[in-house]
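Peer 1: everything below, folded, please.
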Amino acid sequence: MELNPFQERAVSTVGHCTVLACPGSGKTRVLSERAIRLLTAHDRGRLCAVTFTRDAANELKNRILPACKPDVGRRLAVGTFHSIALSQLKRLPRSYRSKRLLSEGERLALLRRCIAQHSIAASFEEAIKFIDSAKTRISPPISTNPDLELIYSIYQETLASEGSMDFSDIVLTVVQKMHTREMLPLPIRWLLVDEAQDMDEVQMEWVKAHGLSGIEVSLVGDDDQSLYAFRHAMGYLGLTDVSSTLVSIETTLPLNYRCAPNILEHSAKLIAHNKVRAPKRIEAFRTVPGEVQVIRASDRWDEADLLLGQIKLNGIGSEWGILARTNSLLDPLELSLSGASIPYRRTGGKRIWDRKLGSTYLGILRSVLDGGWTGVANALSFSGVEAGYMNSRDIQVDGDCLTYLATILETRSAVGGDHPKVLGLHAGMTSWIEQSKKGRVELVIHSISTWMTPFCGNPQQVSLLQRMDLSLSKLSGTLSQRLRFITTADNHRKGTGIQLMTLHASKGLEFDNVWIMGVEEGNLPHTDSSEEEERRLMYVGMTRARNRLVLSSAMEEGVESRFLEEAGLF
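Peer 2: Got it, this is the predicted structure:
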């Protein structure tokens with residue numbers, strides 16, 4: 001990729017900032033190219049490149065080092081905001097370096113202790129949300145609920161008294177100490193920031209503190225891909241804040257090397273409806289058009305079946321990114337893929353078979369095969385049996401789950417409705433094991449589904465269970481072979497061509513074919529977010545596609561999204 005000549009200038013202005021708007025693909029490449037040019041054009045001068053994830057940091061490092069002289073590694077630091085800030089904290093006096101960084105589980109446990117000890121009226125969820133939000137800002141936290149401010153204060157005091165800090169404290173502490181001049185900025189000449197639109201206020205202040213000390217700052221980002229307002233990302237306003245604080249020059253690298261021109265045209269029409277964004281021209285490098293389809297299904301299951309048909313038509317080895325606003329929208333397709341013996345990978349959220357309903361179903365089937373107790377115990381719990389009624393600690397039994405169930409029935413008195421449930425499952429397991437040995441796999445699958453149905457709780461769960469039943473029944477082979485296909489890591493290995501994920505999780509990825517499910521009003525745009533943020537989310541999803549883009553909706557779920565009209569798709 002040829003870079004704008006502006007990027008090759010060596011600028012020594014104090015507080016200088018380069019803002020590179022990169023609406024096309026390849027922001028990481030742009031940043032690494034700039035780092036290479038700076039490091040090779042100057043024999044002296046240290047450079048720090050910062051991003052948000054370890055994977056992105058490793059990609060930057062792997063792009064930069066091979067293109068530079070062997071000694072460049074001594075002048076280069078690459079890491080996440082938190083890893084770089086942590087290295088700064090390690091230079092502080094021993095009294096602060098000795099603070100213990102809590103794991104996520106430890107800090108949540110500490111917060112629960114604080115709430116319990118001081119009888120705070122606010123819920124745990126409210127408290128953790130408020131604390132997480134407060135630690136992305138420089139100013140003291142303010143809430144209309146005084147209990148939340150109180151628990152924040154108590155939480156911070158408890159951390160200090162126990163000589164601990166949490167993950168959010170790392171960058172915040174460094175910024176506070178740079179402001180009070182207890183700590184100096186990094187001893188570098190250049191600071192490069194990847195995905196700069198995702199900075200929160202604290203990270204933004206960290207960057208500004210370095211720029212104001214005379215370090216040359218380069219920000220690479222695209223405000224149209226700012227998706228993390230719920231994580232307090234500053235987006236376009238953050239980029240303009242930095243550029244107005246420092247002496248800045250802004251430039252746009254408009255070429256998109258990924259998308260077919262008609263896919264990019266519709267995407268650009270959509271995002272142009274956002275008011276709070278940097279004005280930019282987005283151009284396609286490619287000239288051969290791709291395929292864009294809009295599909296209207298009757299319901300969510302029909303939508304999944306249409307998608308499955310398209311995957312089969314294109315060939316099971318083809319590459320697909322199946323995207324949706326929420327994880328639950330992907331469940332019908334996952335069951336359709338499972339029933340068709342098509343390998344897939346679900347990224348980000350839990351697979352349907354790993355959640356309560358699916359894992360209980362599979363657990364009973366495993367117990368039918370191996371006589372194990374865990375699957376039966378989980379089934380009893382699913383049916384509402386009290387945990388103490390089936391506690392294994394005070395019953396010593398040698399044998400399989402049937403023996404265990406019989407022992408419980410003999411030694412435990414009837415407690416409410418629990419005894420009949422255990423009797424029913426004992427009878428069921430006896431029959432299912434016998435039928436399995438005779439090879440009547442579908443009968444076992446249907447019978448277990450029938451037993452579980454009364455305990456599902458709502459019609460949606462019943463419908464999902466019926467689809468699980470259908471999916472398992474469609475598979476061929478023995479019960480053991482079917483379970484192996486559903487549960488094996490190969491079924492959702494990294495190399496598979498079909499990936500299911502949320503729109504948020506798709507950021508930074510690309511696929512030959514992209515299908516966005518659930519493009520309805522109330523879902524996309526979702527009611528829990530602002531319209532501009534949702535439009536950015538749709539834009540990101542559309543621009544993941546290289547050659548084919550399909551957008552579908554279900555009539556049962558409501559009218560088609562306004563975004564389709566804004567994108568010029570009808």
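
Peer 1: quick one: residue 514 is in a strand?
Peer 2: Yes: under DSSP: H, G, I helix; E, B strand; the rest coil, residue 514 falls within a strand.

Peer 1: residues contacting the residue nearest to it when sequence neighbours are not counted?
Peer 2: Leaving aside its chain neighbours, residue 514 sits nearest to residue 545 (3.7 Å; criterion: C-beta to C-beta, 6 or more residues apart in numbering). Where C-beta positions appear, they are placed from N, C-alpha and C, glycine not excepted. By C-beta atoms under 8 Å, 6 or more residues apart in numbering, residue 545 lies in contact with 259, 260, 263, 290, 321, 510, 511, 512, 513, 514.

Peer 1: can you pick the most crowded of the residues you listed?
Peer 2: When neighbours are counted by other C-beta atoms under 10 Å, residue 259 leads these with 28 neighbours.

Peer 1: isn't it up against residue 543?
Peer 2: Yes: here residue 259 reaches residue 543: they are 5.7 Å apart, a contact under C-beta atoms under 8 Å.

Peer 1: give me the number of residues near residue 434?
Peer 2: Residue 434 has 12 nearby residues by other C-beta under 10 Å.

Peer 1: and the helix or strand hosting it, what other elements does it pack with?
Peer 2: Secondary structure assigned from DSSP states H and E places residue 434 in helix 418-437. Judged by 3 or more C-beta pairs under 8 Å, 6 or more residues apart in numbering; DSSP states H and E, helix 418-437 is in contact with helix 356-370, helix 374-382, helix 401-411, helix 441-452.

Peer 1: just want the angle from it to helix 441-452.
Peer 2: Relative orientation of helix 418-437 versus helix 441-452 (axes from the mean of the first three to the mean of the last three C-alpha atoms, to 10 degrees): 170 degrees.

Peer 1: now do helix 418-437, average pLDDT.
Peer 2: For helix 418-437, the mean per-residue pLDDT is 89.

Peer 1: give me the angle between it and helix 356-370.
Peer 2: Using the same axes, to 10 degrees, helix 418-437 lies at 60 degrees relative to helix 356-370.

Peer 1: centre of the chain to helix 418-437, how far?
Peer 2: 40 Å (C-alpha atoms, centre = their mean, to the nearest Å).

Peer 1: alpha carbons of it, as PDB, please.
Peer 2: Coordinates of each C-alpha in helix 418-437 appear next as PDB, following Å, rounded to 0.1, in the frame of the first residue of the first chain:
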ATOM      1  CA  ASP A 418     -38.800 -34.600  44.200                       C
ATOM      2  CA  HIS A 419     -39.400 -38.300  44.800                       C
ATOM      3  CA  PRO A 420     -41.700 -38.800  41.800                       C
ATOM      4  CA  LYS A 421     -39.200 -36.900  39.600                       C
ATOM      5  CA  VAL A 422     -36.400 -39.300  40.600                       C
ATOM      6  CA  LEU A 423     -38.700 -42.300  40.100                       C
ATOM      7  CA  GLY A 424     -39.500 -41.000  36.600                       C
ATOM      8  CA  LEU A 425     -35.900 -40.400  35.600                       C
ATOM      9  CA  HIS A 426     -35.000 -43.900  36.900                       C
ATOM     10  CA  ALA A 427     -37.600 -45.500  34.700                       C
ATOM     11  CA  GLY A 428     -36.600 -43.300  31.800                       C
ATOM     12  CA  MET A 429     -32.900 -44.100  32.100                       C
ATOM     13  CA  THR A 430     -33.600 -47.900  32.400                       C
ATOM     14  CA  SER A 431     -35.500 -47.700  29.200                       C
ATOM     15  CA  TRP A 432     -33.100 -45.400  27.300                       C
ATOM     16  CA  ILE A 433     -30.100 -47.600  28.200                       C
ATOM     17  CA  GLU A 434     -31.900 -50.700  26.900                       C
ATOM     18  CA  GLN A 435     -33.000 -49.000  23.700                       C
ATOM     19  CA  SER A 436     -29.500 -47.600  23.100                       C
ATOM     20  CA  LYS A 437     -28.000 -51.100  23.300                       C
END
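
Peer 1: buried residues of it, list them for me.
Peer 2: Buried residues in helix 418-437, counted by 16 or more other C-beta atoms under 10 Å: 418, 419, 421, 422, 425, 426, 428, 429, 432, 433, 435, 436.

Peer 1: also stretch 258-267?
Peer 2: 258, 259, 260, 262, 263, 264, 265, 266, 267.

Peer 1: next one: stretch 81-96
Peer 2: Buried residues in stretch 81-96 (16+ other C-beta under 10 Å): 81, 82, 84, 85, 86, 88, 89, 92, 96.

Peer 1: tell me the mean pLDDT for the helix or strand hosting the fourth one?
Peer 2: Which is residue 85. Element membership for residue 85 (DSSP H and E) is helix 81-89. Taken as a whole, helix 81-89 carries a mean pLDDT of 91.

Peer 1: now stretch 311-326
Peer 2: Here stretch 311-326 scores 89 as its mean pLDDT.

Peer 1: now do the end-to-end distance for that stretch.
Peer 2: This stretch, stretch 311-326, spans 21 Å end to end (C-alpha to C-alpha, to the nearest Å).

Peer 1: kindly report the same for stretch 525-534.
Peer 2: 5 Å.

Peer 1: and it, what's buried?
Peer 2: So, applying 16+ other C-beta under 10 Å, buried residues of stretch 525-534: 525, 526, 529, 532, 533, 534.

Peer 1: which residues touch it?
Peer 2: By C-beta under 8 Å, 6+ apart, the list of residues contacting stretch 525-534 reads 226-227, 229-230, 274-276, 325-326, 524, 535, 537-538, 561-563.

Peer 1: can you list the buried residues of stretch 258-267 in a markdown table and add pLDDT, distance to residue 280 and secondary structure?
Peer 2: Shown next, in a markdown table, are the buried residues of stretch 258-267 (pLDDT from 0 to 100; distance: C-beta to C-beta, whole Å; DSSP: H, G, I helix; E, B strand; the rest coil):
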| residue | pLDDT | distance to residue 280 | secondary structure |
| --- | --- | --- | --- |
| 258 | 88 | 16 | coil |
| 259 | 91 | 15 | coil |
| 260 | 93 | 20 | coil |
| 262 | 95 | 19 | helix |
| 263 | 95 | 18 | helix |
| 264 | 93 | 13 | helix |
| 265 | 94 | 15 | helix |
| 266 | 95 | 17 | helix |
| 267 | 94 | 13 | helix |
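
Peer 1: the residue nearest to residue 514 and residue 263, how far apart?
Peer 2: Residue 545 sits 5 Å away from residue 263, going by C-beta to C-beta, to the nearest Å.

Peer 1: repeat that for residue 128.
Peer 2: Relative to residue 263, and taking C-beta to C-beta, residue 128 is found at 40 Å.

Peer 1: and what of residue 63?
Peer 2: 26 Å.

Peer 1: report pLDDT for residue 380.
Peer 2: 88.

Peer 1: how about residue 389?
Peer 2: 63.

Peer 1: list of residues touching stretch 169-185?
Peer 2: Identification of contacts with stretch 169-185 by C-beta under 8 Å, 6+ apart yields 81-82, 85-86, 88-89, 91-92, 101, 135, 138, 159, 165, 202-203, 205-206, 209-210, 213, 215.
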